[in-house]
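Q: Pasting the sequence and the predicted coordinates here, then a few questions.
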Amino acid sequence: MTFSLVLLIAYFGFHALTGERGILSSNQRNEALAAKTQELALVRAQRQDLEMRARLLRDTSLSADLLEERARSLLGFADPRDYMIRETP
């Protein structure tokens, strides 16, 4: 009986030191936490950028004229009523 208790204590003691969440693996967990924290900061920055872009495209914050002007500029189209001024590079 005593021998089995000693084995049980040794088993749990060994895994408390070297297991996945053991004392000796705390450096690996800290490194993983630091990497995930940096990744979280990057993802949050990307999300804020995308939210800002989406906010600018909503009907309440963008005029139709401005959107049309930007679309024509990107697509290279012109309205027949527009005046075209050509510049030589």
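A: Okay, I see it.
Q: CA only for contacts and neighbour counts going forward, please
A: OK.
Q: Show me which helix or strand of the protein is least confident by mean pLDDT.
A: The helix or strand of the chain with the lowest confidence, counting by mean pLDDT, DSSP states H and E, is helix 64-75 at a mean of 77.
Q: Tell me which residues of that helix come out buried.
A: Of all the residues in helix 64-75, not one is buried under the rule 16 or more other Cα atoms under 10 Å.
Q: Give the other helices and strands that that helix contacts.
A: Judged by 3 or more Cα pairs under 8 Å, 6 or more residues apart in numbering; DSSP states H and E, helix 64-75 is in contact with no other helix or strand.
Q: roughly how far out does it sit from the chain middle?
A: Distance, stretch centre to chain centre, for helix 64-75: 30 Å (Cα atoms, centre = their mean, to the nearest Å).
Q: How about residues contacting it?
A: Under the criterion Cα atoms under 8 Å, 6 or more residues apart in numbering, residues residue 78 lie in contact with helix 64-75.
Q: Tell me how many other residues crowd residue 36.
A: 12 (other Cα atoms under 10 Å).
Q: And for residue 47?
A: Residue 47 has 12 neighbours, counted by other Cα under 10 Å.
Q: how near is it to residue 56?
A: 14 Å (Cα to Cα, to the nearest Å).
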